[in-house]
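Participant: need the 3D shape of this:
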Amino acid sequence: MNAAQAAGLRCPVCGGGLGIWGRALRCAKNHSFDMAREGYVNLLPIQKRHAADPGDGKAMVAARRTFLQSGAYDPFRRALGELCLQAGYKTPNIVDAGCGEGSYDRTVVDTLTAAGAEPRLIGFDLSKLAVRLAAKLVPEGAFAVGGSFCAPVADGWADILLNVFSPFAAAEFSRMLRPGGWLIYAVPTPRHLFGLKQVLYDQPYENPAIRTEYPGFVPAGERTVTDTITLDNAMAQALFAMTPYYFNTPPEGADRLAACPGLTTEIGFRFLLYRRAE
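Facilitator: Below is the predicted model of the structure:
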């Protein structure tokens, strides 16, 4: 984490700006937050910690890292990097709200850097386990434990804000983005993971195809990316374990997936583009 990135973070106690003091971040009122060995910092307000370890647990985070690093979702990772590049900034400030274990951020930073841009990335997530992995995977980024509805990012700091399958906190997103800044919001297509659902459920269902208007944001386009993937049993289990279906599937559905030698399924992301109103 460098000084420019630290300046993009804010104190969760008083909302003031933060600066680097040795191995800690500190605001003008002397609220101090130690940086972990991996370089991340915990900026989740104590009153927002509704569990000892909020966010995704160890098994889900590990499954997501295994699956995303397999290459199965590379078309989505590439598309996200390309959309950030198309925003046209030479030195963009990028915020990933709900960054998870950092695989998407790694692709975004690599894509922009390869094109000659100099991105400054801040990512945050409720899961300390995920943030730790992200900080190790993208050491040039700045990562914090924090939530979208109490985001640890300074007002108007972001040129680009990313949200991949995470809660949509319209007020906080608007606060973090500068006027005219880009919001890239990834949601599933109707047939995303339909093959997985056919195994898990007696009556598989499509995802709703909804585009919502948000106060303070102007729709600016959409990009849809689809593919079909075939996975062996181990990778199918990793996919299952990283999704909310893992907690909502009857035992017989999970047993059917465990017995499958492999899985073929459609996948698809809709990248919804918005501009922060001027």
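
Participant: lowest mean pLDDT among the helices and strands of the chain, which one is it?
Facilitator: Lowest mean confidence among the helices and strands of the chain (mean pLDDT, DSSP states H and E): helix 3-6, at a mean of 86.

Participant: give the buried residues for that helix.
Facilitator: 5-6 (16 or more other C-beta atoms under 10 Å). In short, each C-beta sits where N, CA and C put it, glycine included.

Participant: which element follows it toward the C-terminus?
Facilitator: strand 19-21 (DSSP states H and E).

Participant: what helix or strand does the nearest residue to R211 once chain neighbours are set aside sit in?
Facilitator: In this structure, R211 finds its nearest non-sequential neighbour in L272, 6.4 Å apart by C-beta to C-beta, 6 or more residues apart in numbering. Using DSSP H and E, L272 falls within strand 262-276.

Participant: using PDB, write out every CA atom in that strand.
Facilitator: Taking Å, rounded to 0.1, in the frame of the first residue of the first chain, the C-alpha atoms of strand 262-276 are listed here in PDB:
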ATOM      1  CA  GLY A 262     -18.300 -34.200 -14.500                       C
ATOM      2  CA  LEU A 263     -20.500 -31.200 -15.300                       C
ATOM      3  CA  THR A 264     -21.300 -29.200 -18.300                       C
ATOM      4  CA  THR A 265     -23.100 -25.900 -17.800                       C
ATOM      5  CA  GLU A 266     -23.800 -22.600 -19.400                       C
ATOM      6  CA  ILE A 267     -22.200 -19.600 -17.800                       C
ATOM      7  CA  GLY A 268     -22.900 -15.900 -18.400                       C
ATOM      8  CA  PHE A 269     -22.300 -12.400 -16.900                       C
ATOM      9  CA  ARG A 270     -24.100  -9.200 -17.800                       C
ATOM     10  CA  PHE A 271     -21.800  -6.200 -17.200                       C
ATOM     11  CA  LEU A 272     -24.100  -3.300 -16.600                       C
ATOM     12  CA  LEU A 273     -22.400   0.100 -17.100                       C
ATOM     13  CA  TYR A 274     -23.500   3.300 -15.300                       C
ATOM     14  CA  ARG A 275     -22.000   6.800 -15.000                       C
ATOM     15  CA  ARG A 276     -22.200   8.700 -11.700                       C
END
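
Participant: thinking again about what came up before, distance between the least confident helix or strand of the chain and the chain's centre?
Facilitator: Taking C-alpha atoms, centre = their mean, to the nearest Å, one finds helix 3-6 lying 20 Å from the centre of the chain it belongs to.

Participant: again with stretch 110-126
Facilitator: 13 Å.

Participant: now the phi/psi pair for the residue nearest the centre of the chain, please.
Facilitator: Note on the chain: the residue nearest the mean C-alpha position is C99, at 2.9 Å, using C-alpha atoms, centre = their mean. Dihedral pair for C99: phi -70, psi -20, per degrees, to the nearest 10.

Participant: same question, the one 3 residues further on
Facilitator: The phi/psi pair for G102 (degrees, to the nearest 10) reads phi 90, psi 0.

Participant: swap in P244?
Facilitator: phi -60, psi -20.

Participant: re earlier: find the residue closest to the residue nearest to the centre of the chain in space, skipping its chain neighbours.
Facilitator: Leaving aside its chain neighbours, C99 sits nearest to G123 (3.2 Å; criterion: C-beta to C-beta, 6+ apart).

Participant: residues touching the one you found, list them.
Facilitator: With contact taken as C-beta atoms under 8 Å, 6 or more residues apart in numbering, G123 is in contact with 95-96, 99, 102, 105, 131, 134, 138, 141-144.

Participant: same question, P250
Facilitator: P250 makes contacts with Y201, as judged by C-beta under 8 Å, 6+ apart.
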